[in-house]
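Peer 1: Need coordinates for the following:
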Amino acid sequence: MDEITRELFYHEFIAIIEEMAETLRRASFSQRIKEGGTFSCGIFTYEEDMITYLSPTPLYLNVGTFTLRAIKHNIPEMNRGDVYIINDPFKGGTDLSNITLISPVFTSVGAKKPSFFIVTSASHSEMGTGNLGGVLLAKSIVEEGIFIEPIKLIDQGKMNESFLQAFFYKVSYPKARKGDLNAQILSNFLGVKKIEALVRQHGLKKVNKAADALIDYSEYLMKKTILDIPDGEYKYVDYLDSDGLNNIKIKIKVAIEIEGEKATVNFSRSHEVVRGPLNAVLSITTAAVFYVFRTLAPSYTPLNSGCLKPIDIICKKHTILNASYPSAVNGGATETAQRVVDVLLGALSLALPNKIPSASQGTMNGITITGFDKENDKRFTFYETIPGGVGAANNYDAPDALQTHMMNTLGESIEAIEYKYPIKIKKYAVRNNSGGLGVFKGGNGVIKEYEILSNAKVTIMSERRLKAPYGLKGGKSGKKGNNYHFIKETGETITLSEKAIIEVKKGDRIIIETPGGGGWGKWYD
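Peer 2: Numbers count the residues shown, from 1 in each chain. Sure thing, here's the model as predicted:
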């Protein structure tokens with residue numbers, strides 16, 4: 001296929017998933033999806049190759065490929081009008097909050113198998129635990145919420161009412177879950193109709209040829225990118241502060257071997273599975289590798305399965321980066337994913353010292369506040385992640401106060417938080433001088449202070465409280481983060497651990513200081 005035709009089809013595919021994404025965002029119920037952007041949309045071939053993908057959050061990269069394999073294995077009989085549902089992290093998801101819906105696309109009457117698949121994933125804010133905080137110190141995924149094995153949510157246009165009735169009974173906020181699921185279903189239906197229309201216009205053979213051409217083009221660009229990395233083996237190791245249950249350093253180690261246009265990324269020397277919920281499933285580890293290598297490629301590289309074809313990933317089963325049932329995983333999708341990016345960039349900095357940035361904050365600083373709002377006579381669950389400092393690089397001082405790498409989400413406005421929840425934001429400011437010094441300075445973290453206006457439970461899931469984000473080429477590390485609890489009754493301020501569950505009283509405050517990014521280039525005092 002010639003380059004111009006390939007590019008025209010690329011924009012056809014992009015237009016479809018952009019419309020799907022906007023539909024999902026607008027129709028969703030939860031702030032986490034509508035404003036936070038914790039969702040993804042993709043178009044896949046029958047062979048499970050990603051043709052194109054849109055996700056504000058890199059965490060969901062390649063989830064569709066893994067979940068498609070599980071769906072095809074568990075549901076051999078597929079029909080027009082079907083929608084399949086799954087959230088099993090060990091079969092391609094990220095954690096139990098991430099629900100994936102998959103729709104087959106049949107492009108001819110009487111076809112025995114689909115030509116394409118439409119995939120949407122979205123992060124649902126509560127999955128039968130009563131509150132997000134209650135799962136923080138889980139020792140098993142069984143404690144983390146509702147487990148959905150691959151099943152038909154819609155069978156030839158007919159809704160699986162028995163599943164929905166059982167599902168909505170188990171969750172604490174059925175109205176929200178129903179709204180978010182309906183938004184995903186609507187987005188899937190839109191994607192199916194758009195692909196059907198594309199095939200009617202151009203013919204199945206030409207659309208398939210365009211999909212293959214796009215995947216081949218991405219593979220070609222990634223091979224060229226890898227060729228620009230000097231041959232050799234590059235190793236890096238970093239640590240997680242703890243698993244929330246044991247005060248142990250958790251090793252994340254990578255060895256990247258570059259040989260011509262091929263890269264092998266080996267995580268075999270990383271820590272075994274841990275008791276707490278910091279375990280990551282293979283789809284998370286793969287997404288981090290995908291993300292890092294895609295950032296090295298030209299900006300015009302199409303985001304599809306071709307990007308991963310020149311890269312082999314080695315990751316032992318039953319380790320922290322390839323966890324298996326029944327490991328707890330809710331922190332692996334947030335905190336461990338960030339550390340995987342840190343070690344990948346650290347290793348690549350040995351090969352490309354003037355191209356790789358220093359470590360960013362390396363955590364998502366998750367905070368959950370749950371309780372009963374007496375004024376409005378209802379339970380509430382508030383959850384958000386907090387931005388921090390960005391790592392500096394060879395040609396720029398890094399920006400302050402951004403979500404980085406795997407969690408590229410937007411926060412809810414202060415006005416909306418204070419309107420919807422018994423919470424007052426007393427302070428939200430840049431944490432000055434928290435970025436690492438260097439020829440180029442790391443970005444500053446933030447300080448966010450919450451006053452809780454009712455008795456509540458507060459959960460914090462954070463990292464980089466014990467080990468700071470690294471600088472490169474002699475740049476200084478960014479400052480570590482801090483978590484504090486101000487007790488109104490006594491006037492005391494208590495330092496909290498990086499992972500904590502505490503009960504607070506009306507008027508108490510929680511203060512989060514997020515880490516700064518590392519500096520780049522030797523700094524002379």
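
Peer 1: Report the contact partners of the residue nearest the centre of the chain.
Peer 2: The residue lying closest to the centre of the chain (C-alpha atoms, centre = their mean) is residue 59, at 2.4 Å. With contact taken as C-beta atoms under 8 Å, 6 or more residues apart in numbering, residue 59 is in contact with 38, 94, 284, 287, 333, 337, 406-407. Using the backbone N, CA and C atoms, a C-beta is placed for each residue, glycine as well.

Peer 1: Also residue 485?
Peer 2: Residue 485 touches 458, 493-494, 496, 502, 504, 508-511, counting by C-beta under 8 Å, 6+ apart.

Peer 1: Just the buried subset of the residues you listed, please.
Peer 2: Buried members of those, scored by 16 or more other C-beta atoms under 10 Å, are 458, 496, 502, 504, 508-511.

Peer 1: Go through those and name the one nearest residue 46.
Peer 2: Residue 46 lies nearest to residue 458 out of those, by C-beta to C-beta, at 46.8 Å.

Peer 1: for the helix or strand where the closest one lies, packing partners?
Peer 2: In this assignment (DSSP states H and E), residue 458 forms part of strand 456-461. Contact here means 3 or more C-beta pairs under 8 Å, 6 or more residues apart in numbering; DSSP states H and E; on that basis strand 456-461 packs against strand 366-373, strand 499-504, strand 509-513.

Peer 1: Can you lay out the ones you listed as CSV showing mean pLDDT and distance to residue 177?
Peer 2: As requested, the helices and strands packed on strand 456-461 are exported to CSV (pLDDT from 0 to 100; distance: least, C-beta to C-beta, whole Å):
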stretch, mean pLDDT, distance to residue 177
strand 366-373, 92, 16
strand 499-504, 95, 24
strand 509-513, 98, 27
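
Peer 1: export those to CSV and tack on distance to residue 380?
Peer 2: Formatted as CSV, the helices and strands packed on strand 456-461 follow (distance: least, C-beta to C-beta, whole Å):
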stretch, distance to residue 380
strand 366-373, 5
strand 499-504, 14
strand 509-513, 15
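
Peer 1: and residue 454, which of those strands is closest to it?
Peer 2: The nearest among the helices and strands packed on strand 456-461, by C-beta to C-beta, is strand 366-373 at 5.3 Å.

Peer 1: Just want the angle from the next helix or strand after that closest one to strand 456-461.
Peer 2: Next helix or strand after strand 366-373 toward the C-terminus (DSSP H and E): strand 378-384. Note on geometry: by axes from the mean of the first three to the mean of the last three C-alpha atoms, to 10 degrees, strand 378-384 and strand 456-461 are set 20 degrees apart in direction.

Peer 1: What's opposite residue 500 in the beta bridge?
Peer 2: Beta-bridge partners recorded for residue 500 (DSSP bridges): residue 460.

Peer 1: list the contacts for it?
Peer 2: Per C-beta under 8 Å, 6+ apart, neighbours of residue 500: 458-460, 483.

Peer 1: nearest to residue 194, of the residues you listed?
Peer 2: Using C-beta to C-beta, residue 459 comes nearest to residue 194 of the contacts of residue 500, at 40.2 Å.

Peer 1: gap between that closest one and residue 76?
Peer 2: 41 Å (C-beta to C-beta, to the nearest Å).

Peer 1: ditto for residue 490
Peer 2: 63 Å.

Peer 1: Tell me which other helices or strands the helix or strand hosting residue 449 touches.
Peer 2: Element membership of residue 449 [criterion: DSSP H and E] is strand 445-452. Judged by 3+ C-beta pairs under 8 Å, 6+ apart, strand 445-452 is in contact with strand 366-373, strand 423-431, strand 509-513.

Peer 1: so what strands line up beside that strand?
Peer 2: Paired strands of strand 445-452, defined by DSSP bridges, are strand 423-431 (antiparallel), strand 509-513 (antiparallel).

Peer 1: Not counting its own residues, what contacts it?
Peer 2: 361, 367, 369, 371, 386-389, 400-401, 422-431, 434-435, 458, 478-479, 481, 504-516.

Peer 1: These, buried ones only, as a ChimeraX selection?
Peer 2: Selection of buried members from the contacts of strand 445-452 for ChimeraX, criterion 16+ other C-beta under 10 Å:
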select :361,367,369,371,386,387,388,389,400,401,422,423,430,431,434,435,458,478,479,481,504,508,509,510,511,512,513,514,515,516
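
Peer 1: So which residues of the stretch 51-200 of the chain form helices?
Peer 2: 63-74, 161-170, 174-202 (DSSP state H, counting those that start in this stretch).

Peer 1: neighbouring contacts of the second one?
Peer 2: The list of residues contacting helix 161-170 from outside it, by C-beta under 8 Å, 6+ apart, reads 85, 128, 146, 148, 151, 153, 174, 177-178.

Peer 1: Only whichever of those residues are buried, select them in PyMOL.
Peer 2: This is how PyMOL selects the buried members of the contacts of helix 161-170, with burial counted by 16+ other C-beta under 10 Å:
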select buried, resi 85+128+146+148+153+177
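
Peer 1: which pair in the contacts of helix 161-170 spans the largest distance?
Peer 2: Going by C-beta to C-beta, the pair spanning these furthest: 151 and 174, at 18.6 Å.

Peer 1: Show me the domain layout of the protein.
Peer 2: Following automatic domain parsing, the chain resolves into domains at 3-219, 357-525.

Peer 1: any chance of those domains in JSON lines, with distance to residue 300 too?
Peer 2: What follows is the domains of the chain, written out as JSON lines (distance: least, C-beta to C-beta, whole Å):
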{"stretch": "domain 3-219", "distance to residue 300": "10"}
{"stretch": "domain 357-525", "distance to residue 300": "20"}
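
Peer 1: Could you point out which of those domains sits nearest residue 319?
Peer 2: Comparing those against residue 319 with C-beta to C-beta, the closest turns out to be domain 3-219 (13.6 Å).

Peer 1: start to end distance for the closest one?
Peer 2: 15 Å (C-alpha to C-alpha, to the nearest Å).

Peer 1: With stretch 353-366 instead?
Peer 2: For stretch 353-366, the first-to-last residue distance is 32 Å (C-alpha to C-alpha).

Peer 1: quick one: buried residues of stretch 482-496?
Peer 2: Across stretch 482-496, burial judged by 16+ other C-beta under 10 Å covers 482-483, 485-486, 496.

Peer 1: Can you give the distance of it from its chain's centre?
Peer 2: The chain centre lies 31 Å from the centre of stretch 482-496; the measure is C-alpha atoms, centre = their mean, to the nearest Å.

Peer 1: Which strand residues bridge the residue lying closest to residue 350 once chain neighbours are set aside?
Peer 2: Among residues not flanking residue 350 along the chain, residue 234 sits closest, at 4.4 Å (C-beta to C-beta, 6 or more residues apart in numbering). Beta-bridge pairing for residue 234 (DSSP bridges): residue 256.

Peer 1: Now do the contacts for residue 234.
Peer 2: By C-beta under 8 Å, 6+ apart, residue 234 lies in contact with 255-258, 347-348, 350-351.

Peer 1: make it 6 Å
Peer 2: If you count contacts by C-beta atoms under 6 Å, 6 or more residues apart in numbering, residue 234 has them with 256, 347, 350-351.

Peer 1: Low-confidence ranges, the stretch 401-525 of the chain, go.
Peer 2: 525 (pLDDT under 70).

Peer 1: Check the stretch 1-150 of the chain too.
Peer 2: In the stretch 1-150 of the chain (pLDDT under 70), the answer is 129-136.

Peer 1: Tell me where it has strands.
Peer 2: 39-45, 50-54, 83-86, 98-105, 116-123 (DSSP state E, counting those that start in this stretch).

Peer 1: Please convert the helices and strands packed on strand 445-452 to a markdown table, extending it with distance to residue 342.
Peer 2: Below are the helices and strands packed on strand 445-452 laid out as a markdown table (distance: least, C-beta to C-beta, whole Å):
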| stretch | distance to residue 342 |
| --- | --- |
| strand 366-373 | 17 |
| strand 423-431 | 20 |
| strand 509-513 | 19 |
